[in-house]
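Colleague: Sequence plus the predicted model coming up.
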Amino acid sequence: MTNTQPRPHPVNPITFSFPYRALPKANMHKVAMRGRGKFSRRTIVNDLTGVLAKSEESFAIQAITRVELQDRDLLPWTCPIDAEVTFFYAIPASWPAWQQKAALDGTFLHVGTPDLDNVMKFVGDSLEGVFYDSDKQIRLLTLFKTYGSEDRVSVKLTPRQQAVAPAKPKKEKAK
């Protein structure tokens, strides 16, 4: 007989940031083929860091696992989660000074490619299995795309207490 005690509920939000140029999933990597024909291996090269990896998600997971977490033993979470993700894109050096200043002040907004839903697919897949069991647990998702001094992704995950469903009332027997 096993003693299964309920897992303690996480209460502290997790906030972390890692340097990464968030590109849409299709454009996120270069594929390097090694070998010939059926013996070739497909490796993926991150355009920003030049790191080789077996999957796109492993880039983020490598960065995320370096983050020191207070409640690491509670991961992955099984509760509902609120997520806030901000994608920072470096301001091009070729822009004039007035445009660079406006981008840093937030008056010149990032409205170009990539689409937010495409880059969020990558981040969501990267966090799954590390911070939460399934992306179905995300009940509120807030996404931002802005300019910054460097390319990076900032993530804030907040655990939410699951409300206990009320007991179903018993039907009274007719007399």
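Modeller: On my side now, so go ahead. Numbers count the residues shown, from 1 in each chain.
Colleague: helix, strand or coil for residue 117?
Modeller: Residue 117 falls in the helix class when you classify it by DSSP: H, G, I helix; E, B strand; the rest coil.
Colleague: hang on, I meant residue 94
Modeller: Residue 94 falls in the coil class when you classify it by three-state DSSP.
Colleague: burial count for it?
Modeller: Burial measure for residue 94: 7 neighbouring residues, criterion other CB atoms under 10 Å. Glycine gets a C-beta too; all of them are placed from N, C-alpha and C.
Colleague: Could you do residue 144 as well?
Modeller: Counted with other CB under 10 Å, residue 144 comes out at 12.
Colleague: and what of residue 8?
Modeller: Residues within reach of residue 8, counting by other CB under 10 Å, total 9.
Colleague: helix or strand for it, which one?
Modeller: Assessed by DSSP states H and E, residue 8 sits outside every helix and strand.
Colleague: Just give the nearest non-adjacent residue to it, would you?
Modeller: residue 74 (6.6 Å; CB to CB, 6 or more residues apart in numbering).
Colleague: same question, residue 155
Modeller: Nearest to residue 155 is residue 85, by CB to CB, 6+ apart, at 5.3 Å.
Colleague: Shouldn't residue 98 be within a strand?
Modeller: No - counting by three-state DSSP, residue 98 is located in no strand; its state is helix.
Colleague: quick one, strands of this structure?
Modeller: Assigned by DSSP state E, the chain shows strands spanning 14-18, 29-34, 41-46, 52-53, 81-90, 138-148, 152-159.
Colleague: who's the residue nearest to residue 155 bridged to?
Modeller: Beta bridges link residue 85 to residue 143, residue 155, judged by DSSP bridges.
Colleague: residue contacts, it?
Modeller: Shown in contact with residue 85 (CB atoms under 8 Å, 6 or more residues apart in numbering): 120, 123, 141-144, 153-156.
Colleague: Relative to residue 105, how far out is the residue nearest to residue 8?
Modeller: 39 Å (CB to CB, to the nearest Å).
Colleague: So these two - more neighbours on which side?
Modeller: When residue 74 and residue 105 are compared for neighbours, residue 74 comes out ahead with 18 against 9, by other CB under 10 Å.
Colleague: buried residues in stretch 139-151?
Modeller: Within stretch 139-151, the residues that count as buried by 16 or more other CB atoms under 10 Å are 145, 147-148.
Colleague: Good, we can wrap up now.
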